[in-house]
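Novice: 3D model of this:
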Amino acid sequence: MSWISIFSWGLVQTTLRASTPIIFAALAAVLTQNAGILNVGIEGGMLISALTAVCANAATGSWVVGVLASIAAAELYSLVIAVAHLRFRANVFAVGSILNIMAAALTGFILNTAYGVSGRLVPDTLVSVPKVHFPLPAGSALSDAVNDMSVLVYVGIVCVLLLGFLLYKTVWGLRARSAGLYSAAALTSGFDPVRKKFEAIMISGILVGIGGAYMSTSYVEMFVEGMISGRGFMGIAAMFFGAANPFVSTVGCLIFGLAYSVGAKLQYMGIPTQFVQIIPYLVTVVIYSVSMYSFIRKAKKEKKSTVL
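Specialist: A predicted model of the protein is given here:
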C-alpha cells in the first residue's frame, strides 16, 4: 500500500463511520453547554448505553429494542446528573467524573455477574443495525463514499440538522441558551431557567444513548470493556472547537474520525501500532489547545473593548 492510496473515496466512508459516535457525544455536549452545563459524564453514559444495547438486542432479537433500551439507560444516567446538579447543587464536573468511573466499574461487574465473562460480551443472537444502500453505480466514487453504512450514521447527520434548528430557530432553543447565558435575567422573561437546563440534560441523554448503541451494535457488534475509549471526551473537545455550535462542532468530529481512519490504514503500511493508536489522542490535545487559545484570545478582546 502506497501513501497516496490512503486518500481514496473509501476513506470518506470510514471517516463518517468513525466520526458518528463522536458526533453524538459532541451534540450532547453542545446541547448542555448552550444551557450552561459542561457535561463531562458523556463518556460513562455512552459506555453504559453500549452494554445495555447489546443486552437488550441479544435478549429480544431486535436492534430497535436495543437502541431504545440504550436511550432509556442514558436517560436514567442523565437524570442522576440533572438531579445531583440542579436539585442538590452538586458540582456538575465532579458528578460527571464520578459517574464516568462508576460506569467503567459497573459494566465490568455486570459482565462478570450476569454473563460470567470478562473483557467482552459477544452474544450469538445479536442483531446488527441494518445498512443503507443507495441505488448508485457499483464501484463509483459516490457509492464508495456513502453506501452500506449503518442507519445510525444517517441518524447522526439528521440529528446535527435537528439540533441546529432546535437551538437557533425555536423558542425552546432561545430560552435554553438564555438560561445558559444568564439565569437571573432569564427569570424576568417568565420561564424557569432550571427547568430548561433539566430538559437540555435529558434531551442530551437521547443522543448519548444512540451513540452508545451505535458503538456496540453497529460500529462493532459486541461489547468490550472501555470500548468508548475517550470518544465522549473527544466530543467535548469538538464542542469547544466549535464554540458550542452543532455544525462547526461536527467539523471537529470529522477531524477525529479522519484521524482514526488514517491511523487504521497506516497499520497496513507497517507503522507501529503504538504510534497509530496515539494519533486520535494527539488530535484531541491539539483541538483542545486551539479551542482554549481561541477562547482566551476572545476573552481578552472582550475585556479590552469593555475597558475602552
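Novice: Look up which helix or strand the closest residue to residue 77 other than its chain neighbours falls in, please.
Specialist: Spatial nearest neighbour of residue 77, excluding adjacent residues (C-beta to C-beta, 6 or more residues apart in numbering): residue 45 at 4.5 Å. Bear in mind the C-beta positions are built from the backbone N, C-alpha and C, glycine included. Secondary-structure element containing residue 45, defined by DSSP states H and E: helix 42-60.
Novice: what's the following helix or strand after that helix?
Specialist: Per DSSP H and E, the first helix or strand lying C-terminal to helix 42-60 is helix 63-82.
Novice: And the contacts of that following helix?
Specialist: In this structure, residues lying in contact with helix 63-82 by C-beta atoms under 8 Å, 6 or more residues apart in numbering are 39, 41, 44-46, 48-50, 52-58, 60, 92, 95-96, 99, 103, 127-130, 152, 197-198, 201-202, 204-206, 208-210, 212-213, 217.
Novice: sorry, back to before: who's in contact with the residue nearest to residue 77?
Specialist: 28, 74, 77-78, 99, 103, 205, 208-209, 212, 232.
Novice: repeat that for 7 Å
Specialist: By C-beta atoms under 7 Å, 6 or more residues apart in numbering, the residues touching residue 45 are 74, 77-78, 205, 208, 212.
Novice: If you rank these by neighbours, which is first?
Specialist: residue 212 (36 neighbours; other C-beta atoms under 10 Å).
Novice: Am I right that it is in contact with residue 44?
Specialist: No - taking contacts as C-beta atoms under 7 Å, residue 212 lies outside contact range of residue 44: 9.9 Å.
Novice: how about stretch 153-170 as CSV, C-alpha atoms only?
Specialist: Provided in CSV are the C-alpha atoms of stretch 153-170 (Å, rounded to 0.1, in the frame of the first residue of the first chain):
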residue,chain,number,x,y,z
VAL,A,153,-24.8,7.1,10.7
TYR,A,154,-27.5,8.9,8.8
VAL,A,155,-29.5,9.4,12.0
GLY,A,156,-26.4,11.3,13.3
ILE,A,157,-26.4,13.6,10.3
VAL,A,158,-30.1,14.3,10.8
CYS,A,159,-29.5,15.0,14.5
VAL,A,160,-26.9,17.7,13.6
LEU,A,161,-29.5,19.5,11.5
LEU,A,162,-32.3,19.0,14.0
LEU,A,163,-30.2,20.3,16.9
GLY,A,164,-29.2,23.3,14.8
PHE,A,165,-32.8,24.0,14.2
LEU,A,166,-33.8,23.4,17.8
LEU,A,167,-31.2,25.8,19.2
TYR,A,168,-31.4,28.6,16.7
LYS,A,169,-34.9,28.5,15.2
THR,A,170,-37.2,27.7,18.1
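Novice: just the strands in the stretch 201-308 of the chain please.
Specialist: Ranges of strands in the stretch 201-308 of the chain, per DSSP state E, counting those that start in this stretch, are 223-224.
Novice: Over to the stretch 51-200 of the chain?
Specialist: 120-121, 131-132, 149-150.
Novice: surely residue 53 meets residue 216?
Specialist: Yes - with contact defined as C-beta under 7 Å, residue 53 and residue 216 form a contacting pair (5.2 Å).
Novice: Tell me which of the strands of the stretch 51-200 of the chain is the most buried.
Specialist: Most buried of those, by mean neighbour count (mean count of other C-beta atoms under 10 Å): strand 149-150, with a mean of 20.
Novice: other SSEs contacting that strand?
Specialist: Packing partners of strand 149-150 (3 or more C-beta pairs under 7 Å, 6 or more residues apart in numbering; DSSP states H and E): helix 9-34, strand 131-132.
Novice: For the protein, give me the ranges with low pLDDT.
Specialist: 1-7, 305-308 (pLDDT under 70).
Novice: Since that was my last question, I'll sign off now.
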